[in-house]
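> fold the following, please.
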Amino acid sequence: MEDWLDFDYRQMPEVQNPMYGQLPMMPWCQQAMMPYQQMPVMPYQQTAVPTAPMPGAQMPTTEGEGGPDFEMEPGAPVQQNRNYLQGYLRTQLGKSMRVEFLIGTSILTDRVGTLVEVGIDHIALVPFNSNDLQIADLYSIKFVEVFGGARDLPSHLQPTTTAPR
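The predicted model follows:
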């Protein structure tokens, strides 16, 4: 075997394949397929799981035909909680703002307008002096400047001095 180009691998003796037991080694297209076995399907049964109420949470009421009276309407906590960007932006609906987006790894671009909607993965802005609607990706937002937003802060968080613009 001095010349490896003359080597014919088909002349090799048959080798036992440990994956298929005692079957000879064959090209993958000639090997027998493993039989498909479908897993048994169990019917879905919804069961009630009793849970203890959280301290300080309101208990659901059973008055009338209405459902439970929740302190916060059900939904994803990301959209409800002010500790997340979506939840905080929902408190700023109707306000004028500038939103900066990171495009790729190094391009920053901004959009200015009135926030009219916060969705699961997007926000909607109406640019000033326009009837257009701009839909933007929520996950590429890096900075949000709410114009005049500092005056809505509680008194202990109000800025003491304002920098000249």
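
> strands paired with the longest strand belonging to the chain, and their directions?
In the chain, with assignment by DSSP state E, the single longest strand is strand 107-118. Paired neighbours of strand 107-118 in the sheet (DSSP bridges): strand 96-103 (antiparallel), strand 122-126 (antiparallel).

> wait, which of the ones you listed is closest to Gln86?
Gln86 sits nearest to strand 122-126 of all these, at 8.7 Å, using CB to CB. All C-beta spots, glycine's among them, are computed from the backbone N, C-alpha and C.

> please identify the buried residues of the closest one?
By neighbour count on 16 or more other CB atoms under 10 Å, the buried set for strand 122-126 is 123-126.

> next one: stretch 113-131
113-115, 118, 123-126.

> look up phi and psi at Ala130.
For residue 130 the amino acid is Ser, not Ala. phi -150, psi 150 (degrees, to the nearest 10).

> in this structure, which ranges drop under the pLDDT threshold?
Low-confidence segments of the chain (pLDDT under 70): 1-79, 161-165.

> for it, which helix is longest?
Counting residues, the longest helix found in the chain (DSSP state H) is helix 85-90.

> then that helix to PDB, C-alphas only?
The C-alpha trace of helix 85-90 is given here as PDB (Å, rounded to 0.1, in the frame of the first residue of the first chain):
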ATOM      1  CA  LEU A  85     -39.300  47.600  30.000                       C
ATOM      2  CA  GLN A  86     -42.700  46.600  28.500                       C
ATOM      3  CA  GLY A  87     -44.500  47.200  31.800                       C
ATOM      4  CA  TYR A  88     -42.900  50.600  32.300                       C
ATOM      5  CA  LEU A  89     -43.500  51.700  28.700                       C
ATOM      6  CA  ARG A  90     -47.200  50.800  29.200                       C
END
